[in-house]
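1. Just a sequence and a predicted model for now, questions to come.
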Amino acid sequence: MTEGFDYDAAFSRNLGWTTADEQQTLRRSRVAIAGLGGVGGVHLLTLARLGIGAFSIADFDRFDVVNFNRQAGALVSSLGQPKVEVLQRMALDINPGLALRAFPEGVGDDNIDAFLDGVDVYVDGLDFFAFAARRAVFAACHRRGIPAVTAAPLGMGAAVLVFMPGGMSFEEYFRLDGCDEEEMAIRFLLGLSPAMLQRAYLADPSRVNLAERRGPSTIAACQICAGFTATEVLKILLRRGRLVVAPRGYQFDAYRNRLATTWRPGGNRNLLQRIGLWVARRQLARMKKATEAAR
């Protein structure tokens, strides 16, 4: 423990929105975060400032210049360094008393049990295209009865889904079995944001290429994701406040000043979703043709 640091004093300004007893509940709680990039890193730092006392964090990647526009730990001083080490130092600089378990090899079948051991809530921070790891972690959370929260940074806003024990699972909602990676990407994107509020102001569609695993992102969206996620985690851990649980979700877009709540019984099997997926596939095909013609 660093001399002069006092947990109660450090997080006393949370009180009022939490009670003293609730703050101690947060202190005793463990949150797991897989992926410490655009959203994962800011999730960790936001939840650390909320007063969460223990984390399990996983990421195998290192910081690069292309991370600078959005990732919390991306600095000139951290170039080339492992993300998990950089974010661990930053979190401990907020609360030296944190109980941190780091998984620098990322998360997979060989360590998923250790990663989720003693975890109260899982927060998804994996790269958009990390489908194998994401499916494995959400499936393990569903088996173990661990609440799981995912918030996608889309445009200049966030789309949020919460999966609770006994409720609809990630697989039941997104229905990714038997899909190639491009189809998974389409189903994941539309499942996250059935309202697709961000689509109206995409300035350069050529920057979206699902086949090449690339798309635009903003720090505004990552920061909004962190605020929503921290609030959902707080409600789950303190067992108060209304939860919007899958197949219900919501999307807030700051650019358009709009909030959309969605309900998709059956997830991507829902008729509205199937129509949306058909439209999305056609739009993607047109974008591909336009990009190829411009080359």
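-> Happy to help now that I have it. Quantities reported herein were computed from a predicted structural model and do not represent experimental measurements.
2. how about the strands in the stretch 1-150 of the chain?
-> For the stretch 1-150 of the chain, applying DSSP state E, counting those that start in this stretch gives strands covering 30-34, 54-58, 99-103, 121-124, 148-154.
3. Check the gap between Tyr255 and Asn209 for me.
-> 22 Å (C-beta to C-beta, to the nearest Å). All C-beta atoms are positioned from the backbone trio N, CA, C, and that covers glycine.
4. got a markdown table for the strands of the stretch 1-150 of the chain, with mean neighbour count too?
-> Below are the strands of the stretch 1-150 of the chain laid out as a markdown table (neighbours: other C-beta atoms under 10 Å):
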| stretch | mean neighbour count |
| --- | --- |
| strand 30-34 | 26 |
| strand 54-58 | 24 |
| strand 99-103 | 16 |
| strand 121-124 | 26 |
| strand 148-154 | 25 |
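5. CSV for the ones you listed, including distance to Asn268 and mean pLDDT?
-> What follows is those, written out as CSV (distance: least, C-beta to C-beta, whole Å; pLDDT from 0 to 100):
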stretch, distance to Asn268, mean pLDDT
strand 30-34, 22, 98
strand 54-58, 27, 98
strand 99-103, 30, 98
strand 121-124, 17, 98
strand 148-154, 15, 97
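6. Specify the helix with the largest residue count in the chain.
-> helix 271-294 (DSSP state H).
7. Check which residues of it are buried.
-> Neighbour counts using 16 or more other C-beta atoms under 10 Å place Gln273, Gly276, Leu277, Ala280, Leu284 of helix 271-294 among the buried residues.
8. Can you add distance to Ala200 and pLDDT and give the residues you listed back as CSV?
-> As requested, those are exported to CSV (distance: C-beta to C-beta, whole Å; pLDDT from 0 to 100):
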residue, distance to Ala200, pLDDT
Gln273, 19, 96
Gly276, 15, 93
Leu277, 19, 94
Ala280, 15, 88
Leu284, 17, 80
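9. If we only consider the residues you listed, which is nearest to Leu234?
-> Gln273 (29.7 Å; C-beta to C-beta).
10. contacting residues for the closest residue to that closest one other than its chain neighbours?
-> Nearest residue to Gln273, sequence neighbours excluded (C-beta to C-beta, 6 or more residues apart in numbering): Arg264, at 5.5 Å. By C-beta atoms under 8 Å, 6 or more residues apart in numbering, the contact set of Arg264 is Tyr173, Gly191, Pro194, Pro247, Arg248, Gly249, Asn270, Leu272, Gln273.
11. any idea how far Gly178 is from Arg264?
-> 20 Å.
12. Any figure for the gap between the residue nearest to Gln273 and Leu161?
-> Arg264 is 10 Å from Leu161, where distance means C-beta to C-beta.
13. where do the contact lists of these two overlap?
-> With C-beta under 8 Å, 6+ apart, Arg264 and Leu161 have common neighbours Tyr173, Gly191, Gly249.
14. From the residues you listed, pick the one nearest Ile219.
-> Of these, the one sitting nearest to Ile219 (C-beta to C-beta) turns out to be Gly249, at 22.7 Å.
15. That closest one in helix, strand or coil?
-> Recorded secondary structure, Gly249: strand (DSSP: H, G, I helix; E, B strand; the rest coil).
16. Can you report phi and psi for the residue nearest to it when sequence neighbours are not counted?
-> Excluding the flanking residues, the one nearest Gly249 by C-beta to C-beta, 6+ apart is Leu161, at 4.5 Å. Backbone torsions of Leu161, given as degrees, to the nearest 10, read phi -130, psi 140.
17. how close does Leu161 get to Val86?
-> Taken as C-beta to C-beta, the span from Leu161 to Val86 is 28 Å.
18. Of these two, give the one with the bigger neighbour count.
-> Leu161 (28 against 22; other C-beta atoms under 10 Å).
19. surely that one meets Leu192?
-> Yes. If you go by C-beta atoms under 8 Å, Leu161 and Leu192 touch, sitting 6.5 Å apart.
20. Now the common contact residues for those two.
-> Thr150, Gly249.
21. how about the CA coordinates for the worst-scoring helix or strand of the chain on mean pLDDT, as CSV?
-> Lowest by mean pLDDT, DSSP states H and E among the helices and strands of the chain is helix 271-294, with a mean of 83. The C-alpha trace of helix 271-294 is given here as CSV (Å, rounded to 0.1, in the frame of the first residue of the first chain):
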residue,chain,number,x,y,z
LEU,A,271,-37.9,-11.3,-38.4
LEU,A,272,-36.8,-7.6,-38.1
GLN,A,273,-33.2,-8.7,-37.6
ARG,A,274,-33.4,-11.1,-40.5
ILE,A,275,-34.6,-8.3,-42.7
GLY,A,276,-31.9,-6.0,-41.4
LEU,A,277,-29.2,-8.6,-42.0
TRP,A,278,-30.4,-9.0,-45.6
VAL,A,279,-30.1,-5.2,-46.1
ALA,A,280,-26.7,-5.1,-44.4
ARG,A,281,-25.3,-7.8,-46.7
ARG,A,282,-26.5,-5.9,-49.8
GLN,A,283,-25.1,-2.7,-48.5
LEU,A,284,-21.8,-4.4,-47.8
ALA,A,285,-21.7,-5.9,-51.3
ARG,A,286,-22.3,-2.4,-52.8
MET,A,287,-19.5,-0.9,-50.6
LYS,A,288,-17.1,-3.6,-51.8
LYS,A,289,-17.9,-2.9,-55.4
ALA,A,290,-17.4,0.9,-54.9
THR,A,291,-14.1,0.4,-53.1
GLU,A,292,-12.8,-1.9,-55.9
ALA,A,293,-13.9,0.5,-58.6
ALA,A,294,-12.1,3.4,-56.8
